[in-house]
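Colleague: give me the fold of what follows.
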Amino acid sequence: MNKLTVSPAVLSLPGATSYNDLASLPASEEPRRLIVLVPDSEGDVVGAARKIWGLANALGGSVQFLALCKDIDYEPRLRRHLVTLSAMVGDDIVMVESKLEFGRNWLRFVNANWHEGDVIACFAEQKAGWLHRPLNQILASNINTSVYVINELYQTDSKRSNWIPETLMWAGAVGIIAGFFWLQSRLIQMPGDWAHNTLMYFSVFFEVFLLWGWNSLFP
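Modeller: Numbering: from 1, shown residues only. All right, here's what the predicted structure looks like:
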């Protein structure tokens with residue numbers, strides 16, 4: 001059974017689990033839902049569907065596809081991608097649901113859909129965060145569940161122009177740091193009383209908060 005819904009708008013283990021041979025994966029004693037994070041780049045859909053089905057079959061549960069759309073221009077392709085994967089994976093054994101959301105924060109999207117006992121699968125090529133860390137590492141350090149990494153099926157889309165958002169990200173970060181450096185250099189010249197110390201600590205805290213907020217705006 002396939003269901004497609006659209007919204008407008010990890011881990012106590014030391015690392016993620018990577019696999020290439022599903023035959024070596026032990027069958028799950030209890031059914032566990034598999035959450036698959038679908039990238040918006042081109043790739044081997046048939047190979048991905050085969051591995052996803054094998055993993056879901058071993059876990060004995062259903063599949064929840066999650067797709068995060070960062071740009072409305074890529075929405076049609078991502079929708080087609082979801083429909084294709086759902087049709088290829090879903091059958092009498094594996095039930096499938098798909099959900100697409102607009103945004104950039106994978107961790108928040110996963111947390112909103114993850115339940116205790118769910119298993120997460122993502123692709124090795126998926127990156128996220130300010131430093132473009134592998135998505136599986138971010139999930140493994142923030143969500144208490146197993147994260148399976150599916151390798152060598154998706155390629156980074158070299159046609160996309162990433163220099164504009166990256167330039168904005170670094171320019172904004174440098175601007176925040178420079179602005180607070182100037183402010184703190186003025187605070188140092190003030191008399192060293194409790195008010196001076198309070199303002200200094202507050203400026204450092206607010207600087208970190210702004211940098212974190214700015215970073216969260218970029219994938």
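Colleague: wait, doesn't Gln126 sit right on Arg133?
Modeller: No - contact status for Gln126 versus Arg133: not in contact, 10.1 Å apart, counting by Cβ atoms under 8 Å. In short, each C-beta sits where N, CA and C put it, glycine included.
Colleague: tell me which of those two has more neighbours.
Modeller: Gln126 (24 against 12; other Cβ atoms under 10 Å).
Colleague: report the contact partners of the more buried one.
Modeller: Contacts for Gln126 (Cβ atoms under 8 Å, 6 or more residues apart in numbering) come out as 37, 39, 106, 134-136, 154.
Colleague: now for those: which two are most distant?
Modeller: Greatest spatial distance in the contacts of Gln126: Trp106 and Tyr154, 14.8 Å, computed using Cβ to Cβ.
Colleague: show me how the record splits the protein into domains.
Modeller: Per the record, the chain has its domains at 2-150, 163-216, by automatic domain parsing.
Colleague: would you map the helices across this protein?
Modeller: Taking DSSP state H as the test, the helices found in the chain are 45-59, 75-89, 106-113, 135-140, 163-188, 194-216.
Colleague: which of those helices is buried the deepest?
Modeller: For those, the largest average neighbour count (mean count of other Cβ atoms under 10 Å) is found in helix 135-140, namely a mean of 24.
Colleague: other SSEs contacting that helix?
Modeller: For helix 135-140, the elements it packs on are helix 106-113, strand 119-123, strand 127-128, strand 147-150, judged by 3 or more Cβ pairs under 8 Å, 6 or more residues apart in numbering; DSSP states H and E.
Colleague: closest one to Leu210 among those?
Modeller: The nearest among those, by Cβ to Cβ, is helix 106-113 at 19.1 Å.
Colleague: then that closest one to PDB, C-alphas only?
Modeller: Below are the C-alpha coordinates for helix 106-113, written out as PDB (Å, rounded to 0.1, in the frame of the first residue of the first chain):
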ATOM      1  CA  TRP A 106      17.100  17.100   8.200                       C
ATOM      2  CA  LEU A 107      17.500  16.500  12.000                       C
ATOM      3  CA  ARG A 108      14.300  18.400  12.800                       C
ATOM      4  CA  PHE A 109      12.400  16.600  10.000                       C
ATOM      5  CA  VAL A 110      13.500  13.200  11.100                       C
ATOM      6  CA  ASN A 111      12.800  13.900  14.800                       C
ATOM      7  CA  ALA A 112       9.200  14.900  13.900                       C
ATOM      8  CA  ASN A 113       8.600  11.500  12.200                       C
END
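Colleague: pLDDT on it, on average?
Modeller: The average pLDDT within helix 106-113 is 90.
Colleague: list the contacts for the spatially most central residue of the chain?
Modeller: The centroid of the chain falls nearest to Trp106 when counting by Cα atoms, centre = their mean (3.1 Å). Taking Cβ under 8 Å, 6+ apart as the criterion, Trp106 is in contact with 37, 68, 126, 128, 135, 138-139.
Colleague: if we use 10 Å, what do you get?
Modeller: 37, 66, 68, 122, 126-129, 135, 138-139, 219 (Cβ atoms under 10 Å, 6 or more residues apart in numbering).
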